[in-house]
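Chemist: following is a predicted model, sequence given first.
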Amino acid sequence: MATEGLHENETLASLKSEAESLKGKLEEERAKLRDVELHQVAERVEALGQFVMKTRRTLKGHGNKVLCMDWCKDKRRIVSSSQDGKVIVWDSFTTNKEHAVTMPCTWVMACAYAPSGCAIACGGLDNKCSVYPLTFDKNENMAAKKKSVAMHTNYLSACSFTNSDMQILTASGDGTCALWDVESGQLLQSFHGHGADVLCLDLAPSETGNTFVSGGCDKKAMVWDMRSGQCVQAFETHESDINSVRYYPSGDAFASGSDDATCRLYDLRADREVAIYSKESIIFGASSVDFSLSGRLLFAGYNDYTINVWDVLKGSRVSILFGHENRVSTLRVSPDGTAFCSGSWDHTLRVWA
Amino acid sequence: MVQPICKPNLEKKETVITYLSNYMLDPIKNPNIEDIITKMQDDKTGGVPIRTVKSFLSKIPSVVTGTDIVQWLMKNLSIEDPVEAIHLGSLIAAQGYIFPISDHVLTMKDDGTFYRFQAPYFWPSNCWEPENTDYAIYLCKRTMQNKARLELADYEAENLARLQRAFARKWEFIFMQAEAQVKIDRKKDKTERKILDSQERAFWDVHRPVPGCVNTTEMDIRKCRRLKNPQKVKKSVYGVTEESQAQSPVHVLSQPIRKTTKEDIRKQITFLNAQIDRHCLKMSKVAESLIAYTEQYMEYDPLITPAEPSNPWISDDVALWDIEMSKEPSQQRVKRWGFSFDEILKDQVGRDQFLRFLESEFSSENLRFWLAVQDLKKQPLQDVAKRVEEIWQEFLAPGAPSAINLDSHSYEITSQNVKDGGRYTFEDAQEHIYKLMKSDSYARFLRSNAYQDLLLAKKKVSLGRADLLFLALLTLACCLLLV
């Protein structure tokens, strides 16, 4: 290439200073668009009424910390995974356990329900993501049909099916995310860019979109194009690990929960952070976040055993929910928004409404 | 080599500062708790009243009541509800920064119970992972002290018995260490000893909690790696160095951290340039958009607007879900299809209605193409090539039975892509068709009789059995009257 000679003259230092000046320019450009704050505009929005949410179901059965959970599209079944290697599928409406499988590793940090409801995926310290078809034959051993799909070089921190049973998106402690073909186990696309462990991911809710967001120990949240593997947007305002990311229902924004004890809202069209959800009295990290159906409420589970409910638009806390007896490690709103489920290090899961 | 215990004397500010600065670099520490605890003890800036309390025949040095702590938390952290303050206080206690002087269970009560502050030496951020040998030494030395207040609790006695069995062969060594510690302790001033003994006990309450209590030293394994000394030999509380100290089962980073290369920075520069060129919306526009979306959907949000007939989780009645499963959509559901094109595409029933409408206009090929491409993206890798060919033949090839209308540019790109036959072959075409449907067919569908009828469905009077019976009786009555 003709330009290669030019590149030889660039030193690491000169490149770094170019990058720094570009960062400055970018900040300047973004600052021009900051004509108002979200909570200021939201002053005209009617305040939410008195909030009463209670535990409606308690799921007991795990022998150790619950690390992750996911809802089935049928709005009542859930899959949960635990530190002791157990993955359980429950009908959380009746609290009955329907399936259980023991993984060969401890710390199963990720689990997901397939869109069809016919399979689950999970993984953790084994560095893999495995898919288990759910069988209703009592005689069949679930573990026998296990399929190893993803292979990372460090722990699996998160996994999610795309809108099909045939593809899985994974995030890992090896600093990468990856898209896999379930049938063949082939790597379809990998996503490099995080400077440390990736702890979480969420797929954009669009019918046509091919993007997802990830959060990591490098304090960055990154938005990726699934086709090209490129990072299309990045946000770095948190002061510590980002434990959880979740899209706002319209797909135009996403929220994050971090060890810096704050949750934040980032808008993709403004390309910046647009709200911080924090309080002086909240000093423990937020482990898991999710929006209510309309996006008005943000539920966040914390390491201080509580769940805080935030008014997304006004930025204020609407309610604090006590109940768990140890850290809340995972939290998801149900597919139709009628409830949300939280999992905790106290070995239980709770469904709230 | 036995190291003496560092005197955790709070009056020696340098010690506190040294420890504070040591773990400023520690990513695991919770900076906020330690700031709070330090502020709480600072009498110059309105800290809690720490005093020596006269009790019976003796004095209780350096204590503060639960009420004082709860009040302080409420005032200084702007907490309105005392329940929240008590919960936070309990957590700070459970973490080991403050402790009740007369209880092994680390919790906080809003009453006259006395608490004492933990010495920074024993703070969790010092990355303590005390071995069982240390714990054995501690319990052993407790049995050597005759004071009533230092008697072992039942669970401690059980622990000691277990440790004696486990360390049977080196118990002599442990016993000697315990004796040495007792000697060191005896040299201290009586009041100081009271304080130090309680702090030491509280340390062990954190690391060997009462059965049933939360062990707050348990770590999230994903964060373990970045501890200060993940692989170094763990330090002993009592300065004991041992050959057989076990490695903690920490999951280690298998690859080294990469140094930033020129290529990395070039990529960053490209990325930054792309961001600068990006057209972004002003905050005011973004805020309006977020508010509009939320306000539109709030009536559909069951956690804000109670669901009709009821929320299954609250009423234990699945009627809501049964209604949603039925093929007859509610007026509310039909209204939602009008919010955005994505809404109707998301809803199976909505899609079917839209497809039926398009079929009536003999223009269903666009939607069918869009659906086929969505389906293509869901296929397992091995089936992709076949499906690409099928879609091409059905919708785009010359003479295709369901020919869609693409502009020449898009058609060019697509026919090129087909040669590779990948999952994203029809991305460009799909985008065009989506935009076309959105601005044309979707808009017409919303104005159509088919949609409008569904939207007004509830307003049509549908006769139930009771209505029919009433009508029948009325008719009969009229007939009788006429006769």
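Modeler: Arrived safely.
Chemist: what's near enough to touch A:Asp91?
Modeler: A:Arg76, A:Arg77, A:Glu98 (CB atoms under 8 Å, 6 or more residues apart in numbering or on different chains). Using the backbone N, CA and C atoms, a C-beta is placed for each residue, glycine as well.
Chemist: contacting residues for the second one?
Modeler: A:Arg77 makes contacts with A:Trp71, A:Val89, A:Trp90, A:Asp91, A:Ser92, A:Glu98, A:Tyr113, A:Gly117, as judged by CB under 8 Å, 6+ apart.
Chemist: repeat that for B:Tyr97.
Modeler: Applying CB under 8 Å, 6+ apart, the residues near B:Tyr97 are B:Ile33, B:Glu34, B:Ile37, B:Phe117, B:Gln118, B:Trp123, B:Pro124.
Chemist: repeat that with 10 Å
Modeler: B:30, B:33-34, B:36-38, B:40, B:91, B:106, B:117-118, B:120, B:122-125, B:202, B:206 (CB atoms under 10 Å, 6 or more residues apart in numbering or on different chains).
Chemist: buried subset of those residues, written for PyMOL?
Modeler: Filtering the contacts of B:Tyr97 down to the buried ones (16 or more other CB atoms under 10 Å in any protein chain shown) takes a single PyMOL command:
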select buried, chain B and resi 30+33+34+36+37+40+91+106+117+118+120+122+123+124+125+202+206
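Chemist: how about A:Asp84: what's its closest non-neighbour residue?
Modeler: Distances taken as CB to CB, 6 or more residues apart in numbering or on different chains put A:Asn64 closest to A:Asp84, at 3.9 Å, once the chain neighbours are dropped.
Chemist: mind listing what the one you found touches?
Modeler: A:Ser82, A:Gln83, A:Asp84, A:Gly85, A:Lys86, A:Thr106, A:Trp107, A:Trp345, A:His347.
Chemist: most widely separated two among these?
Modeler: A:Gly85 and A:Trp345 (15.4 Å; CB to CB).
Chemist: okay, those two: which has more neighbours?
Modeler: Under the criterion of other CB atoms under 10 Å in any protein chain shown, the comparison of A:Gly85 against A:Trp345 puts A:Trp345 first, with 24 against 20.
Chemist: mind listing the helices for the stretch 251-400 of chain B?
Modeler: Secondary structure of the stretch 251-400 of chain B by DSSP state H, counting those that start in this stretch: the helices cover B:262-277, B:283-297, B:312-315, B:319-325, B:331-337, B:341-346, B:348-360, B:365-377, B:381-391.
Chemist: and these as a markdown table, adding mean pLDDT, mean neighbour count and distance to chain A?
Modeler: Formatted as a markdown table, the helices of the stretch 251-400 of chain B follow (pLDDT from 0 to 100; neighbours: other CB atoms under 10 Å in any protein chain shown; distance: least, CB to the nearest CB, whole Å):
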| stretch | mean pLDDT | mean neighbour count | distance to chain A |
| --- | --- | --- | --- |
| helix B:262-277 | 91 | 15 | 4 |
| helix B:283-297 | 97 | 19 | 4 |
| helix B:312-315 | 98 | 20 | 4 |
| helix B:319-325 | 93 | 14 | 6 |
| helix B:331-337 | 94 | 18 | 11 |
| helix B:341-346 | 94 | 19 | 5 |
| helix B:348-360 | 94 | 16 | 10 |
| helix B:365-377 | 95 | 20 | 7 |
| helix B:381-391 | 94 | 16 | 4 |
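Chemist: may I have the phi/psi pair for the residue of chain A found nearest chain B?
Modeler: Going by CB to the nearest CB, chain B is nearest to A:Ser164 of chain A, at 3.2 Å. Per-residue torsions, A:Ser164: phi -140, psi 160 (degrees, to the nearest 10).
Chemist: who are the contact partners of it?
Modeler: So A:Ser164 contacts A:Ala114, A:Pro115, A:Ser116, A:Val182, B:Gln374, B:Asp375, B:Lys377, B:Lys378, B:Gln379, B:Pro380 (CB under 10 Å, 6+ apart).
Chemist: how about the secondary structure of the residue nearest to A:Asp84?
Modeler: coil (DSSP: H, G, I helix; E, B strand; the rest coil).
Chemist: skipping its backbone neighbours, what lies nearest B:Arg368 in space?
Modeler: Per CB to CB, 6+ apart, closest to B:Arg368 is B:Ser402, 6.2 Å.
Chemist: cool, B:Ala287 as well?
Modeler: Nearest one to B:Ala287, counting by CB to CB, 6+ apart, is A:Val41 at 3.9 Å.
Chemist: that neighbour contacts B:Lys282, correct?
Modeler: No. Look at A:Val41 against B:Lys282 with CB atoms under 10 Å: they stay out of range, at 11.2 Å.
Chemist: tell me, what's touching those two both at once?
Modeler: Joint contacts of A:Val41 and B:Lys282 (CB under 10 Å, 6+ apart) are B:Glu288.
Chemist: higher neighbour count, the two?
Modeler: A:Val41 (18 against 15).
Chemist: against which helices or strands is the helix or strand that the more buried one is a member of packed?
Modeler: When elements are assigned from DSSP states H and E, A:Val41 belongs to helix A:38-41. With contacts defined as 3 or more CB pairs under 10 Å, 6 or more residues apart in numbering or on different chains; DSSP states H and E, the secondary structure elements packing on helix A:38-41 are strand A:272-277, helix B:283-297.
Chemist: do a quick rundown of the helices in the stretch 101-250 of chain B.
Modeler: Using DSSP H, counting those that start in this stretch, helices in the stretch 101-250 of chain B cover B:132-144, B:154-166, B:171-186, B:190-207, B:221-224.
Chemist: let's see which of the contacts of A:Asn64 end up in strands.
Modeler: Taking DSSP state E, the ones among these that sit in strands are A:Ser82, A:Lys86.
Chemist: now the buried members of the contacts of A:Asn64.
Modeler: So, by 16+ other CB under 10 Å, the buried ones in the contacts of A:Asn64 are A:Ser82, A:Gln83, A:Asp84, A:Gly85, A:Lys86, A:Thr106, A:Trp107, A:Trp345, A:His347.
Chemist: what's the closest non-adjacent residue to the last one?
Modeler: In space, A:His347 comes closest to A:His62 once its chain neighbours are excluded; the distance is 4.8 Å by CB to CB, 6+ apart.
Chemist: and A:Ala255, which of the three is it?
Modeler: Applying three-state DSSP: A:Ala255 is strand.
Chemist: rewinding a little: give me the pLDDT for the residue of chain A closest to chain B.
Modeler: In this model, A:Ser164 is scored at 92, pLDDT.
Chemist: A:Phe291 against A:Leu313, yeah?
Modeler: No. Between A:Phe291 and A:Leu313 there is no contact under CB under 10 Å: 11.7 Å.
Chemist: between those two, what contacts are shared?
Modeler: Joint contacts of A:Phe291 and A:Leu313 (CB under 10 Å, 6+ apart) are A:Leu265, A:Leu297, B:Thr294.
Chemist: residues contacting the residue nearest to B:Ala287?
Modeler: Taking CB under 10 Å, 6+ apart as the test, what A:Val41 contacts is A:Leu313, A:Lys314, B:Met283, B:Ser284, B:Val286, B:Ala287, B:Glu288, B:Leu290, B:Ile291.
Chemist: so which of those residues comes closest to B:Ser310?
Modeler: When these are ranked by distance to B:Ser310 (CB to CB), A:Leu313 comes first, at 27.2 Å.
Chemist: name the nearest residue to the closest one, ignoring sequence neighbours.
Modeler: A:Leu313 sits nearest to A:Ala42 (CB to CB, 6+ apart), 3.8 Å away.
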